[in-house]
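> 3D model of this:
(one chain, ligands or ions: 2)
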Amino acid sequence: MKVTVVGTGYVGLTTAVSLAYLGHNVIGIDKDEQKIAMLLEEKSPIHETGIEVLLKEVRHNLYFTSNTLEAVGLSDIIIIAVGTPSRPDGSADTQFVENAVREIAEGFLDGHTYIIVMKSTVPIGTNRRVQYVIEATLREKDIKAEFFVASNPEFLREGMALWYSFFPDRIVIGSEHNEVIEKLRLLFKPILEQTFSPPAFIPRPQGYQLPPLIITDPTSSEMIKYAANAFLATKISFVNEIAGLCEKVGADIVEVTRGMGADPRIGAPFLQAGLGWGGSCFPKDTKALQALANEYDYSLPILKAVCEINQRQIYLIIEMLQKHLKVLRGRTIGIFGLAFKPNTDDIRDAPALEIIKELLTRDATIKVHDPIAMVNMRNVLSSNQVEYCEDPYVLANQCDAIIIATEWEAYRHLDYSRVKTNMRNPILIDARNCLDVHEIRRLGMIYNGIGRV
Ligand SMILES: NC(=O)c1ccc[n+]([C@@H]2O[C@H](COP(=O)([O-])OP(=O)(O)OC[C@H]3O[C@@H](n4cnc5c(N)ncnc54)[C@H](O)[C@@H]3O)[C@@H](O)[C@H]2O)c1
Ligand SMILES: O=c1ccn([C@@H]2O[C@H](COP(=O)(O)OP(=O)(O)O[C@H]3O[C@H](CO)[C@@H](O)[C@H](O)[C@H]3O)[C@@H](O)[C@H]2O)c(=O)[nH]1
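Ligands and ions are numbered 1, 2, ... in the order given. Model prediction:
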C-alpha cells in the first residue's frame, strides 16, 4: 500500500521504517528540513535501537521529503504522527495536528479516496475536528476528493520502539466505516498474523501471541490511549507511595513488589519504585486527561494524587541530600543519567532535569553524565550551569553525593570502590533502585535507595 507518514519523530520514523520493512511503499514527511536531510543520508535524528540499520535496509521502500503537498497525492493512507505538547493549562495543543491536516488536504487529488490515520495522542473529539478541518480545506481549494478519518493510537515505548511496532500488545482502530477498517486490517496484516521475518536484531519474543485487533468507535479509541497511560502512571505512583511507607516501617519495596507482581491480577511490569515517571507522554497525557475532565466539570481525584506523588519523589531526593549534607549551597552533586529512562536520548520531562533545577536554586554545583543524552541536555542547560563529564569516574571527583537518576546498564557495572575513592563524601542516592544495596554498603558507601531498608 502507498502510505505517507507525517512527522518523523519517535513515533513517525518508527512507523515509517517498520511499515516499509513490511513491504509498504512509504513516504516520511517532516517540516524540519534538518531531520529530512539526515534521513536522506540514512542517519537517524533520534536514538532508537536498530533504527539506523533498518533505515538503510528499507530505503528501496522509503523516501523522505518536507514537501507535504507533493507527497500525499497518490497515497492510500496518511498517518499523522506530529507532536501534541501541553498547553500552559495542561490541555493538549493540537495546532501541529491541525496544520498538518490542512497541508495534507491541500495535497489531495480530485477523484481519489484517502484514509487519514491519527496516531498522535489527541484529545477526545479530535477525529471529528479533523473531519471538519479537511472538509473546510477541500471546499476552500475546490478539491473533489473523498476521505475518512480513523483513530489508531500508538503504544510504543521509547528505546524499544521498533520492537513494539513489530510485536505490539494490541492494535486499536477507531472507525465506524467497514471499508476503512478492512484497509487498515490489510495495512497491519503482517503484524496481526506475524507472517514476516523480523530483523535479526529484533527477534520475535518467545511465546509471543498474535496481537488482538481492537475495533471500536473513534472516541473510545482516543480515550483508550489516555486511560492506558494514566493507568500505567498510577501503577508507578502507587508503588512509590508504598515505597515511602516501606522506609518508615523497615520493609524493602523491591521485595514487596516481587511479591505483589507475582499475582497475575497485578502483574510485575511497571512496579519499579524510584524517582517517578517522566518522558514525553505520561506527564503530558496525565495533564491532558485532567484538563479534559475539567472541561466537563468532572474531577479525577486518583489521577490528581498520582501526579502529586510523582512530583513528591523529586523532593524526597532533595530531602535525602539535606539529611546527609545539611546545607546544599556550595556542595558538589553528581547526576548519573539524564534521559527520562535508559536506552533513549529523550530528555523531555526527565526527572533528572527537575532535580537539577531544584539543586541549582539551592546553589549546589552540578556535574552530570549520560551515555547518550548529554547532547540533548546541552540545548537545555549550558555548561555554565552544569559540568558535563564524559567519564563517570571523572564526575565522581570531589562530589559530596551522587544521584543515579536513570538506570543505564553501564551504571550497574561501574567500579564503585573507584567512584568512592574519587568522592569527597561517599553518599550514593540510587533513585532507581538499580544497585545491590549490600554490595555498595560493603564498600563503605552511604547508600540510599527508594523504599529500601
Ligand atoms: N514518543 C513516544 O514514545 C510516543 C508513543 C506513543 C504516542 N506518542 C504520541 O505521538 C505523537 C508524536 O510524538 P513523538 O514523540 O514522535 O514527537 P516528536 O516531537 O518526536 O516528532 C514529531 C515530529 O512532527 C514534525 N512535525 C510537526 N508538524 C509537522 C507538519 N505540519 N508536517 C510535518 N511534520 C511535522 C516535527 O518536526 C517532529 O519531527 C504525540 O502525540 C505523542 O503523544 C508518542
Ligand atoms: O516500573 C516503572 C516503569 C517505568 N517508570 C518510569 O516511567 C516513565 C515512562 O516509562 P516507559 O513507559 O517505559 O516509557 P515511554 O516511552 O514514555 O512509554 C510510555 O508512554 C508512551 C507514549 O504515550 C506509550 O506509548 C507507552 O505505552 C508508555 O509505556 C519513565 O520515566 C520510567 O523511568 C518507572 O518509574 N517505574
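> Residues touching stretch 131-147, excluding its own?
Residues outside stretch 131-147 that contact it (Cβ atoms under 8 Å, 6 or more residues apart in numbering): 98, 101-102, 104-106, 108-116, 149. Every C-beta, even on glycine, is put in place using the N, C-alpha and C of the backbone.
> Any chance of a ChimeraX selection covering the buried ones in these?
In ChimeraX, a selection of the buried entries from those looks like this (16 or more other Cβ atoms under 10 Å):
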select :101,102,104,105,106,108,112,114,115,116,149
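> so of the contacts of stretch 131-147, which ones are in strands?
Per DSSP state E, strands hold the following members of the contacts of stretch 131-147: 113, 114, 115, 116, 149.
> So the last one versus residue 77, what's the distance?
In this case it means residue 149. 12 Å (Cβ to Cβ, to the nearest Å).
> tell me, what's touching those two both at once?
Common neighbours of residue 149 and residue 77 (Cβ under 8 Å, 6+ apart) are residue 115.
> my read: residue 343 touches residue 161, true?
No - look at residue 343 against residue 161 with Cβ atoms under 8 Å: they stay out of range, at 9.9 Å.
> Show me which of these two is the more surrounded one.
Ranked by neighbour count (other Cβ atoms under 10 Å), residue 343 and residue 161 place residue 161 first, with 25 against 19.
> any idea how far ligand 1 is from that one?
7 Å (Cβ to the nearest ligand atom, to the nearest Å).
> ok, back up a step: and for residue 343 and residue 161, which residues touch both?
residue 49.
> In the stretch 151-300 of the chain, which residue sits closest to ligand 1?
Residue nearest to ligand 1 within the stretch 151-300 of the chain: residue 154 (3.9 Å; Cβ to the nearest ligand atom).
> where exactly do the strands run in the stretch 251-400 of the chain?
Using DSSP state E, counting those that start in this stretch, the strands found in the stretch 251-400 of the chain span residues 332-336, 365-369, 386-388.
> how about those strands, which one is nearest residue 27?
Proximity to residue 27, assessed across the strands of the stretch 251-400 of the chain by Cβ to Cβ, is greatest for strand 386-388 (37.6 Å).
> neighbouring strands for that closest one, and are they parallel or not?
Strand 386-388 has the following sheet partners, assigned by DSSP bridges: strand 365-369 (parallel).
> by how many degrees do the strand it pairs with and strand 332-336 diverge?
20 degrees (axes from the mean of the first three to the mean of the last three Cα atoms, to 10 degrees).
> Give me the residues contacting strand 365-369.
330-338, 352, 356, 359-360, 374, 377, 381, 385-392, 395, 399.
> Alpha carbons of it, as PDB, please.
Presented in PDB, the C-alpha positions along strand 365-369 are these (Å, rounded to 0.1, in the frame of the first residue of the first chain):
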ATOM      1  CA  THR A 365      27.400  22.700  41.900                       C
ATOM      2  CA  ILE A 366      26.200  20.100  39.500                       C
ATOM      3  CA  LYS A 367      28.200  17.600  37.500                       C
ATOM      4  CA  VAL A 368      26.300  15.300  35.000                       C
ATOM      5  CA  HIS A 369      26.900  12.200  32.900                       C
END
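> what does the chain put close to ligand 2?
121, 154-158, 229, 232, 236, 270-272, 274, 276-279, 281-282, 340-341 (Cβ under 6 Å from any ligand atom).
> I'd assumed residue 318 was in contact with residue 359.
Yes - using Cβ under 8 Å, residue 359 is in contact with residue 318, at 7.4 Å.
> Which one's more surrounded, these two?
residue 359 (21 against 17).
> How much space separates that one from ligand 2?
19 Å.
> Relative to residue 247, how far out is that residue?
Residue 359 is 22 Å from residue 247, by Cβ to Cβ.
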